[in-house]
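Q: Dropping the sequence and predicted coords here.
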Amino acid sequence: MEQGLTHIYYGDGKGKTTAAFGLALRCAGWNGRAVIAQFLKAGESGELSAARRLGIPVLRGKSLGKFTFQMDQAELALTAGECLALLGRAEAEAAEADLLVLDEVIDALDAGLLPEGALCALLDSRPAGLEVVLTGHSLPPCLEARADYITRFAKEQHPYDQGIPARRGIEY
């Protein structure tokens with residue numbers, strides 16, 4: 001790749017992680033090296049299994065298996081340390097990569113679990129050819145200013161609103 005661009009996939013709609021993994025799949029399909037770091041996520045998913053089979057590394061921190069609003073102050077502090085360490089691992093792994101996906105990194109930033117300066121420094125100092133995808137629910141101004149692609153995923157209707165839980169192979 002000649003010039004790496006920055007993608008932001010955000011919003012309350014389904015498909016942000018799916019789109020990011022799809023781009024990693026496309027990169028790997030053309031013999032590129034993709035690296036994915038997942039923030040604030042725990043448990044197995046179909047995309048993790050597929051990425052492993054394709055040799056796409058997926059980095060994750062140690063998760064408490066809770067949403068941030070369920071965590072006490074000690075758990076939030078522990079999670080913040082995990083998020084910062086994960087960002088460092090992702091940056092190191094991506095040194096030789098073509099694509100870096102930072103899944104749910106925007107939510108970690110919004111929750112105060114990741115310093116804005118650390119994330120912006122990664123974006124500002126990355127290798128020239130590294131494509132970066134960031135996902136989350138919001139569009140922070142500091143990231144908007146650095147983005148080349150911005151795609152908003154908007155929920156209009158979702159089965160969860162009708163009490164239908166996430167389904168294996170579809171939502172995870």
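A: Arrived safely, thanks for sending.
Q: which residues pair with the spatially most central residue of the chain across the strands?
A: Closest to where the C-alpha atoms of the chain average out (CA atoms, centre = their mean) is residue 103, at 0.7 Å. Counting by DSSP bridges, residue 103 is bridged to residue 38.
Q: Show me the contact partners of the helix or strand bottoming out on mean pLDDT in the chain.
A: Lowest by mean pLDDT, DSSP states H and E among the helices and strands of the chain is helix 46-54, with a mean of 93. With contact meaning CB atoms under 8 Å, 6 or more residues apart in numbering, helix 46-54 is reached by 17-18, 21, 24-25, 28, 36, 57-58, 168-169, 172. The way it works is simple: take the backbone N, C-alpha and C, and place the C-beta from them, glycine included.
Q: Low-confidence ranges, the protein, go.
A: Applying pLDDT under 70 to the chain picks out residues 1.
Q: one step back: among the contacts of helix 46-54, which are in strands?
A: Judged by DSSP state E, the contacts of helix 46-54 include 36, 58 as members of strands.
Q: Just put the contacts of helix 46-54 in TSV and tack on neighbour count and distance to residue 8.
A: Listed next are those as TSV, based on neighbours: other CB atoms under 10 Å; distance: CB to CB, whole Å:
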residue	neighbour count	distance to residue 8
17	20	13
18	16	15
21	25	16
24	30	16
25	15	19
28	17	21
36	27	16
57	17	22
58	21	20
168	9	28
169	7	27
172	14	22
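Q: Nearest to residue 115, out of the contacts of helix 46-54: which one, please.
A: Among the contacts of helix 46-54, residue 36 lies closest to residue 115 (CB to CB), at 21.3 Å.
Q: quick one: contacts for the closest one?
A: Here residue 36 is in contact with 20-21, 24, 51, 56-59, 100-101, 103 (CB under 8 Å, 6+ apart).
Q: so the residue lying closest to residue 62 once chain neighbours are set aside is in which element?
A: Excluding the flanking residues, the one nearest residue 62 by CB to CB, 6 or more residues apart in numbering is residue 82, at 5.6 Å. Under the criterion of DSSP states H and E, residue 82 resides in helix 73-93.
Q: what sits up against that helix?
A: With CB under 8 Å, 6+ apart, helix 73-93 has contacts from 35, 37, 39-40, 57, 59-64, 66, 68, 71, 100, 102, 105, 108, 111-115, 118-119, 122, 126.
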